[in-house]
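Student: Attaching a predicted model along with its sequence, questions to come.
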Amino acid sequence: MPSFSKRDTDAPAGFFEAEAAGLAWLASAPGGARIVGVERVLPDGIDLERVDEVAPTPAAAQTFGAALARTHAAGAAAFGSPPDGADGRPFGGQLYIGRRPLVSARQTGWGQFYARDRVLPFLEIAVRAGTVRAGEERDIRRACARIAEGDFDDTEPPARLHGDLWTGNVLWSADGVVLIDPAAHGGHRETDLAMLALFGCPYLDRIEAGYETAARDVGMPLRDGWRDRVPVHQLHPLAVHAAGHGRSYGLALADAAERTLEL
C-alpha cells in the first residue's frame with residue numbers, strides 16, 4: 001500500500017518520534033477509534049498509511065463517536081501525562097500541538113493542569129503578539145483562575161485524549177473515520193468533544209449520539225451539562241490559535257472566557 005510521507009528538516013529533535021508514540025498509544029485503546037498506521041519514523045519525517053478519503057456519512061459518524069468513547073475510556077496515567085512509556089524514550093515525553101511544545105504533567109486534578117499548562121502558556125504568547133488585548137487578558141486569566149481552583153473538576157479519571165481533534169484531523173475513509181496528527185495526552189474527555197465542535201465536524205450530532213450511547217455502555221455516561229461547558233474546554237485550542245493565527249482567535253478566546261465566567 002502506498003505511504004503518505006511527511007518530511008521537515010527543521011522539526012525539533014524527537015518531533016516525529018513523539019507523533020508516532022501518540023498514534024501507537026491511541027491505537028492501543030481496545031475497540032477505540034481507528035488511528036492512521038505508522039510505517040516508518042525518521043529523524044526528519046514519518047511515513048504513514050495512506051488514507052483515501054470519501055464523503056462523510058451519518059453512519060460513519062455514529063460509529064466513530066462510539067469508538068471515540070472507548071478510546072477515552074482506555075484512560076491515562078494522569079492529567080497531562082504523555083503516552084505510556086514515552087518518558088523513557090529519546091524524545092523524553094515531550095508533547096506538541098502542531099509545531100508548538102506542550103507541557104507534560106502528572107496532575108491528579110484536571111483544572112490546575114488545564115489552566116496552567118494548556119491555556120496560560122499560549123495566552124502569554126498571544127498577548128505578546130497583540131492578538132489578545134489587556135481587558136481581554138484579564139477576563140481570560142479570571143476564567144483560568146476559576147478553572148485552576150477546581151470549579152469544573154469532577155471525579156472522572158484522566159481520559160486518553162487525541163488532543164488536537166479538530167475536523168482536519170478526522171479523515172473519512174471507505175472503512176470509516178481515521179484519526180491523524182494527535183497531541184495525545186491524559187486529559188478530560190470533554191476537551192476532545194469541544195474541539196470537534198470548534199471548527200464544525202461533519203455530522204457532529206451523530207458523532208455525539210454514538211459517543212453518548214457507547215459511554216453509557218462502558219459505565220461512563222457524560223455528566224449533565226457537558227454542552228454548557230464547551231467554552232471551558234475550547235479555551236485551550238483557541239489560545240493555541242490566538243498565539244499564532246491572528247486577532248480573530250483572540251476575540252474568540254475572550255468570548256469563550258466570558259462564557260466560562262458566566263457558568
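Tutor: Happy to help now that I have it. All values derive from a computational prediction rather than experimental measurement. Numbering: from 1, shown residues only.
Student: Could you report the neighbour count for T155?
Tutor: T155 has 5 neighbouring residues, counting by other C-beta atoms under 10 Å. Just so you know, the C-beta spots here come from the backbone N, C-alpha and C atoms, and that holds for glycine as well.
Student: List the residues that contact it.
Tutor: With contacts taken as C-beta atoms under 8 Å, 6 or more residues apart in numbering, T155 has no neighbouring residues.
Student: Backbone dihedrals for it, please?
Tutor: phi -100, psi 10 (degrees, to the nearest 10).
Student: D181: what's its closest spatial neighbour, skipping adjacent residues?
Tutor: Distance criterion C-beta to C-beta, 6 or more residues apart in numbering; nearest residue to D181, sequence neighbours excluded, is N169 at 4.8 Å.
Student: and if you look at A252?
Tutor: Of all residues beyond its chain neighbours, the one nearest A252 is L238 (5.2 Å), with distances taken as C-beta to C-beta, 6+ apart.
Student: Run a quick neighbour tally on the one you found.
Tutor: When neighbours are counted by other C-beta under 10 Å, L238 registers 28.
Student: For the protein, which residues score under the pLDDT cut-off?
Tutor: Residue ranges of the chain with pLDDT under 70: 1-2, 86-92.
Student: before we move on, back to that, just to check, the residue nearest to D181 is in contact with V177?
Tutor: No: look at N169 against V177 with C-beta atoms under 8 Å: they stay out of range, at 10.2 Å.
Student: So between those two, which is more surrounded?
Tutor: Legend: neighbour count by other C-beta under 10 Å for N169 and V177, higher for V177 (22 against 19).
Student: from what I can see that one touches T167, true?
Tutor: No: counting by C-beta under 8 Å, V177 sits too far from T167 to count as a contact (10.8 Å).
Student: And P43, how close does it get to G246?
Tutor: 32 Å (C-beta to C-beta, to the nearest Å).
Student: Excluding chain neighbours, what is closest to the residue positioned nearest the centre of the chain?
Tutor: In the chain, the centroid-proximal residue (C-alpha atoms, centre = their mean) is G163; its distance is 1.7 Å. The shortest distance from G163 to any non-neighbouring residue, by C-beta to C-beta, 6+ apart, is to A183 (3.5 Å).
Student: Please apply the same query to P121.
Tutor: V103 (6.8 Å).
Student: Now do the same contact list for that neighbour.
Tutor: Taking C-beta under 8 Å, 6+ apart as the contact definition, V103 lies against 80, 95, 117, 121.
Student: and what of L222?
Tutor: 189-190, 211-212, 215.
Student: swap in G98?
Tutor: By C-beta under 8 Å, 6+ apart, the residues touching G98 are 164, 183, 240.
Student: switch the cut-off to 10 Å
Tutor: Residues in contact with G98 (C-beta atoms under 10 Å, 6 or more residues apart in numbering) are 164, 181, 183, 240-241, 244.
Student: hmm, which two among these are most spread apart?
Tutor: Taking C-beta to C-beta as the measure, these reach their widest spread between D181 and G244, a distance of 16.0 Å.
Student: more neighbours, those two?
Tutor: Each of D181 and G244 has its neighbours counted (other C-beta under 10 Å); D181 has more, 21 against 15.
Student: Name the SS class of that one, please.
Tutor: Three-state call for D181 (DSSP: H, G, I helix; E, B strand; the rest coil): coil.
Student: from memory it sits against V36, does it?
Tutor: Yes: using C-beta atoms under 10 Å, D181 is in contact with V36, at 8.6 Å.
Student: what sits in contact with each of these two?
Tutor: Common neighbours of D181 and V36 (C-beta under 10 Å, 6+ apart) are 23, 48, 169, 171.
Student: I'd like the contacts of V103 laid out as TSV, including neighbour count, secondary structure and distance to R142.
Tutor: Compiled in TSV, the contacts of V103 are given as follows (neighbours: other C-beta atoms under 10 Å; DSSP: H, G, I helix; E, B strand; the rest coil; distance: C-beta to C-beta, whole Å):
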residue	neighbour count	secondary structure	distance to R142
G80	24	coil	22
L95	25	strand	27
D117	21	helix	18
P121	16	helix	17
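Student: Okay then, goodbye and thanks.
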